[in-house]
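> Requesting a structural model of the entry that follows:
(chains A and B)
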Amino acid sequence: MKKFTTLVSTCVPLNVEDVDTDQIIPARFLKATTREGFGENLFRDWRFTAEGAPRPDFVLNKPEHVGAKILVAGKNFGCGSSREHAAWAISDFGISVVVSSFFADIFKNNALNNGLLPVQVSPDFLRKMFSVIQADASAQLEVNLEDQTISIKGTGGKETFDINPYKKHCLINGFDDIDFLLSIRDEIKSFENSRTHA
Amino acid sequence: MSSKTLFDKIWDGHVVKKIDNGPQVLYIDRHYIHEVTSPQAFAGLEKRGIGVFRPQQTLATADHNVPTIDQHLPIKEALSRQQVEKLTENCSKFGVELFGLGHPNQGIVHVIGPELGYTLPGMTMVCGDSHTSTHGAFGSIAFGIGTSEVEQVMATQCILQTKPKTMKIEVNGTLGRGVTAKDVILYVISKISSSGGTGYFVEYAGSAIGSLSMESRMTICNMSIEMGARGGLIAPDEITFDYIRNRPFAPKGEALEAAIETWRQLRSDSDDAFDIIHRFDAQDIEPMITFGTNPGMGIGVNASIPSVQDLAPGSSPESYNKSLQYMGFHPGERLQGKPVNYVFLGSCTNARMEDLRLFAEAVKGKKKAPNVHALIVPGSKHVEKQAKEEGLDKILEDAGFSLREPGCSACLGMNEDKVPAGEYCVSTSNRNFEGRQGPGARTLLASPLTVAAVAITGKIADHRNVL
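Purely as a prediction, here's the structure:
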């Protein structure tokens, strides 16, 4: 997994609540057997018409947001399915941070397991971000994982965010959960034995 | 000693190790896999040069993108066929038991686990599918995971998880005539919202829940994820034990009786043990239907769509209006009488015998409305077989319907079973997200009885008045 420390970038504002995983990556695009290429179909039905033409009014298609690495979204982002493809699609598209005032549990885990940082902010700060980005699409956010802060460059708006210390350690070091679990396989076997003989 | 919930007891009994300031290493008793969320996990194992750690605790089926007619023929759609073939290849290579197409045990992963007796009380169970919460109906911890976590379980039979908080949802009293488990859970989600359970594991309790059959309890637990909860469970009782008796994978004879004695201890100590409790009265619950694009947007089938002023504080009117616009509805409007051309009876929520029986009984001797296109999809080969043995297929045929073959089908439309853009579908599945049943499709979630009423009348109706 790639390492994450700090990021300064412009943002894509998606001011919609309850963005579910079926919007992030519709089920019909889950048929691949590798992790790559899902970015092409990120927000497929919001981004493209049925005929495949880009919808000019959708934020990801607006020229001023092209290349942004931070997605700012309304509360309850990532609800619905457990499909990790949602996190893969967002990362594959080039987004490294998703900001919202509330994340669905499984999506949050999936994101963290793939080096995509979910940053949960207060509803007030989220509103402020939307208004700043709306006023000036070139506004930048700075996300500092070490300090656990997110700030709006230039305006001085800043908030700290929570992250599980273990997950933070994993992201900063590009560390993998499976490496850790494999390293304690003997403990797992002892656990199994203790149950068998209980 | 402080009191514990049933969830705490099962969870704590499965913790292999606690990481300081981090998640816990949770041991998994049963791992269910299917074709969609497993291939990348198997590829991960291959890359590391390791096998499945405990293949005998892993069970696979093909369900998400299998066709529901002519299952004996090769799958027509190339990508779907490849994904199912990949599962077959992986299971054979890694020594995992697979109930693939054509196998008498094949079906939707959350339908076959319980019916085979593979799902048992007190266990921890995971699957790369959010509706794994279904198995909680047996008094077990079951929840959906992502593919990286599928790989963790394959590699070590463990998963790194932060322990959720606990919520109790009590439904007391007697359910009204024609009010089903599906109505109960749609009602609860409409009260709690699609994010109200996030961060929690739910225990359902109360006399109305206790009176439900196992199949109804599965419907309830299945939709726990739709309020954001990781999962839901119900303390096991005699109804649970009776269901488990004589299931092929379940313990038998003395071993079963000994297990039941242990399972009887699976109880929450007291209400103090929960982080939060919600109580509902069964008498307040009507047959429900959703009108929006998340499962929390539900109303009684006779009610009007709430206006923007009625939204919970902090809700976004823009998101609400966007949702209604997608559905083609307006605040204050009534759904009753609206023409509907598609119905779907199926999914891991409502494709068990009880659901098929309810539907068949309701449409018996009547005729399907000519405008309605109906997809009636059993949850498993066993359900299909039993439905035929009970003559339900004949009842359905006489009424103008036909019984298909098992799979997830039009719940998420990964196979050919899709609802066309702009069409309404009253569905027993669990999600009404935009495009869930096909691009542009508009889904209204409801019980098998409401679906029967729509199928017969061709429009949204209260089944208590028309059947």
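> give me the low-pLDDT residue ranges for the chain?
You didn't say which chain, so I picked chain A. Confidence mapping of chain A against pLDDT under 70 gives the ranges A:197-198.
> ah, I was thinking of chain B
Looking at chain B by pLDDT under 70, you get B:1.
> and the longest strand for it?
strand B:165-172 (DSSP state E).
> Which strands or helices does that strand pack on?
Judged by 3 or more Cβ pairs under 8 Å, 6 or more residues apart in numbering or on different chains; DSSP states H and E, the packing partners of strand B:165-172 are helix B:181-192, strand B:200-205, helix B:207-210, strand B:276-281. (C-beta placed from N, C-alpha, C; glycine too.)
> so can I have a markdown table of the ones you listed showing mean neighbour count and distance to residue B:12?
A markdown table is the format used below for the helices and strands packed on strand B:165-172 (neighbours: other Cβ atoms under 10 Å in any protein chain shown; distance: least, Cβ to Cβ, whole Å):
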| stretch | mean neighbour count | distance to residue B:12 |
| --- | --- | --- |
| helix B:181-192 | 25 | 26 |
| strand B:200-205 | 26 | 13 |
| helix B:207-210 | 18 | 24 |
| strand B:276-281 | 14 | 20 |
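> which one of the ones you listed lies closest to chain A?
Chain A sits nearest to strand B:200-205 of all the helices and strands packed on strand B:165-172, at 9.1 Å, using Cβ to the nearest Cβ.
> where's that closest one relative to the chain centroid, distance-wise?
15 Å (Cα atoms, centre = their mean, to the nearest Å).
> same deal with stretch B:67-74?
Worked out by Cα atoms, centre = their mean, stretch B:67-74 lies 23 Å from the chain centre.
> what about that stretch and chain A, touching?
No. Counting by Cβ under 8 Å from any Cβ of the partner chain, chain A is not contacted by stretch B:67-74; separation bottoms out at 13.8 Å.
> measure that stretch end to end?
10 Å (Cα to Cα, to the nearest Å).
> do the same with stretch B:245-263
First-to-last residue span, stretch B:245-263, Cα to Cα: 13 Å.
> Residues contacting it, please?
Here stretch B:245-263 makes contact (Cβ atoms under 8 Å, 6 or more residues apart in numbering or on different chains) with B:115-118, B:120-122, B:139, B:236, B:240-241, B:244.
> circling back to that earlier point, in the longest strand of chain B, what counts as buried?
For strand B:165-172, the neighbour count (16 or more other Cβ atoms under 10 Å in any protein chain shown) marks B:165-171 as buried.
> got it, and stretch B:66-81?
B:66-68, B:71, B:75, B:79-81.
> re the thing from before, turn the helices and strands packed on strand B:165-172 into TSV, columns for distance to chain A.
Converted to TSV, the helices and strands packed on strand B:165-172 look like this (distance: least, Cβ to the nearest Cβ, whole Å):
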stretch	distance to chain A
helix B:181-192	12
strand B:200-205	9
helix B:207-210	23
strand B:276-281	16
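> Tell me which of those sits nearest to residue B:45.
strand B:200-205 (28.7 Å; Cβ to Cβ).
> helices or strands next to the closest one in the packing?
By 3+ Cβ pairs under 8 Å, 6+ apart, strand B:200-205 packs against helix B:6-12, strand B:165-172, helix B:214-222, strand B:231-233.
> Ranking these by mean neighbour count, which comes first?
strand B:231-233 (a mean of 30; mean count of other Cβ atoms under 10 Å in any protein chain shown).
> and the top helix by length along chain B with chain A, contact?
Ranked by residue count, the top helix of chain B under DSSP state H comes out as helix B:78-94. Yes. Judged by Cβ under 8 Å from any Cβ, helix B:78-94 and chain A are in contact via B:79-80, B:82-83, B:86.
> Tell me the one among those nearest to chain A.
Looking across the residues of helix B:78-94 next to chain A and measuring by Cβ to the nearest Cβ, the closest to chain A is residue B:79, at 3.8 Å.
> By residue count, what's the longest strand in chain A?
strand A:6-14.
> That strand pairs with which strands?
The strands beside strand A:6-14 in its sheet (DSSP bridges) come out as strand A:70-73 (parallel), strand A:140-144 (antiparallel).
> Please export the C-alpha coordinates of that strand as CSV.
The C-alpha coordinates for strand A:6-14 follow below in CSV (Å, rounded to 0.1, in the frame of the first residue of the first chain):
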residue,chain,number,x,y,z
THR,A,6,0.2,15.2,3.6
LEU,A,7,-1.8,16.4,0.6
VAL,A,8,-2.5,19.9,-0.8
SER,A,9,-5.1,19.9,-3.6
THR,A,10,-8.1,21.5,-5.1
CYS,A,11,-11.4,19.7,-4.4
VAL,A,12,-14.4,18.2,-6.1
PRO,A,13,-17.5,19.4,-4.2
LEU,A,14,-20.3,16.8,-4.3
